[in-house]
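Novice: The following block contains a protein sequence and its predicted model.
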Amino acid sequence: MFRSRRPLGVALALVASLLVAPPAVAAAEPLTITDFESDGVPAGVYAWGNDAASTPALTVGPGTDRPGAPAANRVLTSVYNVSQWGGWSHDLPATQDWSPYEGFSFWVKGAGSGQRIFFELKDGGPGPGNAELFESSFTDDTAGWRKVEVPFASFTRRTDYQPGGAPTDGELDLVAIWGYAMRLPTTSGTLVWDEFQIYGTAPPRPVRLSTGKPVYPVDEKGEAEVGVTITTADGAPLAGGLSVAYRTGTGTATPGTDYTPVQGTLTFPAGTASGSGRTFTVKTLHDGQNEVAETIPIELSGTGTRPPAEAPVIVINAHGLPYLDAGKPVKDRVADLLGRMTLDEKIGQMTQAERGALAKQSDIATYVLGSLLSGGGSTPPQNTPRAWADMIDAFQLQTRQTRLQVPLIYGVDAVHGHNNVVGATIFPHNVGMGATRDPGLVEREGEVTAKEVKATGIPWNFSPCLCVARDDRWGREYESFGEDPALVRRMATIIDGLQDNGVLATAKHYVGDGGTTYGSSTTGDYTIDQGVTQVGRQELEAVHLAPFAEAVRRGVATVMPSFSSVDFGDGPLKMHAHAELINGTLKGRLGFKGFVISDWQAIDQIPGDYSSDVRTSINAGLDMIMVPYAYPQFTTTLKAEVEAGRVPVARVDDAVARILTQKFRLGLFERPYADRTHLGDVGSAAHRAVARRAAAKSQVLLKNDGGLLPLRRDAKVYVAGSNADDLGNQSGGWTITWQGSSGPITQGTTILRAIRSKAASVTYSRDASAGLAGHDVGVVVVGETPYAEGQGDVGRAGRTLSLSAADRAAVDRVCGAMKCAVLVVSGRPMLLGDLSGVEAVVASWLPGTEGDGVADPLFGTAPYTGRLPFTWFRSVEQVPINVGDASYDPLFPYGWGLRTDRARDRLKAARDELAGGDDLSEDAAAELTLALGARYWNADGTVGDARTVLGRLATAASLLERSKSDAYAVDDAVVSVARDVAQSAARRPDLQAAADHELAAGNLREAVNLLIRAIG
């Protein structure tokens, strides 16, 4: 999914001479914020864009032709060629108070292009990248210089984008401004800028009135106590007395029948502290009718005051209606509620908006929205579990003032733990979970994630990704469990972990997103993401559709189509428009009963105008549209399409019924707010222990010459490499923000810290520049930096599958001086080059926050048991390379993974577990007992007589294929003994890879037979 698309950068140090702190009182003369009287672009001024080509070039040079300019005047020139978005910003190193001023002004030299140019102010929040954005615009209708002056009162809150962590009060407060940004049009051109100022004297700022909450739900014969608070502009006590009049206004409730009207005055004497409050009470009555919710608006006024940003309202809750009866069957409740809904209310249920898009929170009620989401990095200003619960409860409160009080369903991308939340438990990405080959552990991950997600008030997770990734160049490969559909199907157990613990799962991205052809993307500078899957129907069914069929079998509640297109040979068709595959296959043949949610603004990629996009996607089978910003336009457009007969009412009713069914099943009508009982479990030691185990099991030992690993705990260890001590890098994308970032972005343990907790002596040098002498072994932790989606595509912005020069140099330096292990922290296989001087190599993937899980097998606390979920290519020319290819000569085959536990012990444990099963399992156990004869084994626990042992394993495998009591983990252990022997022989990688596929598919005898053939 796309998330938070417009990065505005980070605050840079600003040249002190360019900043003059505004005075505390109103000023008559303009105050310059940015001028360009310098040799280069001033600090704090920077360009940005969706790609390098869209990032404008900024230069500073002479500009004496500006009217009124001094003789040596200098200006900023921006040359641009924007494909999606681009512009430039000035971020201040500290906030400035602009409240004493009237407005914002600047000079611009245009070309008379007629283009509309938007600009914005960054108001409040913890930093310039997390401020609330308020915008205005001008039209480039003058070929030459002009001065733009905009009163602050004319700025409006941006509705198409708000950054994560920004305030959401919808008020341009001006007391903490972080800077501004100029958004350039999607075309090419040149604009010249000069002298950014604040000007004029602001009128006296009124006292702000606010209420304890915007909505006061109350039952019949109840009462609502309304608290009114005053806040002065400067935080000082009232200079004079203040009277606030209150009264109940005209709503849908009937005065005298539904409630007793009130009016009066609240008095705040001179000297009253800012933040003080008074209360009044409104009593409701019993009218003896079963009815929908009714509203009683509250009106507040007073000389020198400003009313609340959200008009407060008391709501008499809906009561006595069949859909509110939790004892009735869900089907009946849905039918009753659907029959009461207007077209506007139905369309609202089909609309999902990004939380940061809300112009004001009451828009939830105004547009009767059915859903909100947080995109990657879209967080409350204070990114804590409690703040998340508070935020979502506030959104949910707004639904109480709607007629039918249908609760929101809030969604989030918790794709490897509750990854937007600082302090949450972050698991390995799916690539690592696929390497564990442990469906039970994957289910446990889903359980832990669900508990943390639900604790913060969220009942819906846009996970799991069930794509079958077939090209290592794809920037989303780490979101896949593997290249083999049989493996991905096995890992669909995460759906049970989520849904059995009260959180809806989403199978995504339907269908074929992992099979797009390199170079087919038309999204920005992406090379493969959102491209075209050129495939026959049979291959689509066998490879890409199979995991979704498994998800439907498990009862997955929602499915998300892919941004990509499918081309069966008659031209590409966007998945969001693919009625055959959504209505026909997913909902028809597969029998999917949940609802289909679009991806982020994905319907906009369907060819045609917006009306066509809406019509086509809904008729193709989409039930809810992740707008995510233009919710007024979407609701208006869909209503027009329905009223014109181009979208059938029956299609709308089907969509809404599917959505309501899930809301009823979740119990949202009875429990709409966050259950905070388990807030303390978010990021708990118990949850982190599960993630640590997952990280340990995800480690794949690719090479281990001389048995270097596990390391001795008394060894003197030299640690180097870019990913040894970087929590952000080891967690990858989709961590705290959409793209992720390097550094200490959340709470956890780096790999270096984990190594230090186990080794007696550790020297750390990121670039291996520290002295190398006197160490027993080196550990070099290398790999990738974070990325997400198409921004990680190989070929975009110079991204490759090669290690950085610095990492390569660290490997060469350390491994040239001592025995060493190289740990590759990455979202996909990488080009390793010559490994002749490297004793051990580990694929560590993206292990998440629990670096101890990487160190556990490194030092033998846990064994290495992981296996490759992707073929590890020998050269980039081989990519794409996958199990089953006709030509298959990888560096390491799919399913490869050396183990450091004893094969004989493994087989004994499997035998003991099978002995308590059904007759077939007991017979298999008897075969394993014969295979365990001491004379067939070496002293170190490895197989001595391969012919005898593997023959018995083959017989046991045949029996287990028919058993009903054997667990997959036991089957895996049995086959693993044959794999050990095959890997030692180092022949026929194609057969080894095929064997792992057959094992995942449940064909145990064939898996063993293939491994026997691979031994030769």
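Specialist: Thanks, I have the structure now.
Novice: Where does the prediction get shaky in this structure?
Specialist: 1-28 (pLDDT under 70).
Novice: Apply 90 and report the result again.
Specialist: 1-29, 50-53, 83-84, 159-160, 168-170, 203-205, 233-234, 309-310, 524, 1016 (pLDDT under 90).
Novice: Please list all residues in contact with residue 185.
Specialist: Residue 185 makes contact with 82, 113, 115, 116, 117, according to CB atoms under 8 Å, 6 or more residues apart in numbering. Just so you know, the C-beta spots here come from the backbone N, C-alpha and C atoms, and that holds for glycine as well.
Novice: nope, residue 264 is what I was after
Specialist: 245, 246, 247, 280.
Novice: at 6 Å instead, please
Specialist: Contacts of residue 264 were listed using CB atoms under 6 Å, 6 or more residues apart in numbering, and they are residue 246.
Novice: May I have the phi/psi pair for it?
Specialist: Main-chain torsions, residue 264, degrees, to the nearest 10: phi 180, psi -170.
Novice: I'd like to know how far it sits from residue 825.
Specialist: Distance of residue 264 to residue 825, computed by CB to CB, to the nearest Å: 65 Å.
Novice: Then residue 96?
Specialist: Distance from residue 96 to residue 825, by CB to CB: 41 Å.
Novice: quick one: which of the two has more around it?
Specialist: For residue 96 and residue 825, the more surrounded residue by other CB atoms under 10 Å is residue 825, and the numbers stand at 28 against 19.
Novice: my guess is the more buried one meets residue 783, correct?
Specialist: Yes - counting by CB atoms under 6 Å, residue 825 sits close enough to residue 783 to count as a contact (3.8 Å).
Novice: overlap in contacts of these two?
Specialist: residue 723.
Novice: returning to that earlier point: closest to residue 215 out of the contacts of residue 185?
Specialist: residue 116 (36.7 Å; CB to CB).
Novice: neighbours around that closest one, how many?
Specialist: 12.
Novice: could we number from 3 for the rest of this?
Specialist: OK, 3 is where the count begins now, so the last one is residue 118.
Novice: so it sits right up against residue 139, yeah?
Specialist: Yes - contact criterion CB under 6 Å: residue 118 and residue 139 qualify, at 5.4 Å.
Novice: Buried residues, the helix or strand harbouring residue 959. List them.
Specialist: Using DSSP states H and E, residue 959 maps to helix 948-964. Going by neighbour count (16 or more other CB atoms under 10 Å), the buried part of helix 948-964 is 948, 951-963.
Novice: Likewise for stretch 848-863?
Specialist: Neighbour counts over stretch 848-863 (16+ other CB under 10 Å) mark 848-862 as buried.
Novice: Over to stretch 532-544?
Specialist: For stretch 532-544, by 16+ other CB under 10 Å, it's 532, 533, 534, 535, 536, 537, 542.
Novice: Just send the residues you listed back as JSON lines, with secondary structure and distance to residue 177 too.
Specialist: Converted to JSON lines, those look like this (DSSP: H, G, I helix; E, B strand; the rest coil; distance: CB to CB, whole Å):
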{"residue": "532", "secondary structure": "coil", "distance to residue 177": "42"}
{"residue": "533", "secondary structure": "coil", "distance to residue 177": "47"}
{"residue": "534", "secondary structure": "strand", "distance to residue 177": "51"}
{"residue": "535", "secondary structure": "strand", "distance to residue 177": "52"}
{"residue": "536", "secondary structure": "strand", "distance to residue 177": "56"}
{"residue": "537", "secondary structure": "coil", "distance to residue 177": "57"}
{"residue": "542", "secondary structure": "helix", "distance to residue 177": "57"}
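Novice: Can you pick out the most distant pair from these?
Specialist: The largest separation in the buried residues of stretch 532-544, counting by CB to CB, is between 532 and 542 at 17.3 Å.
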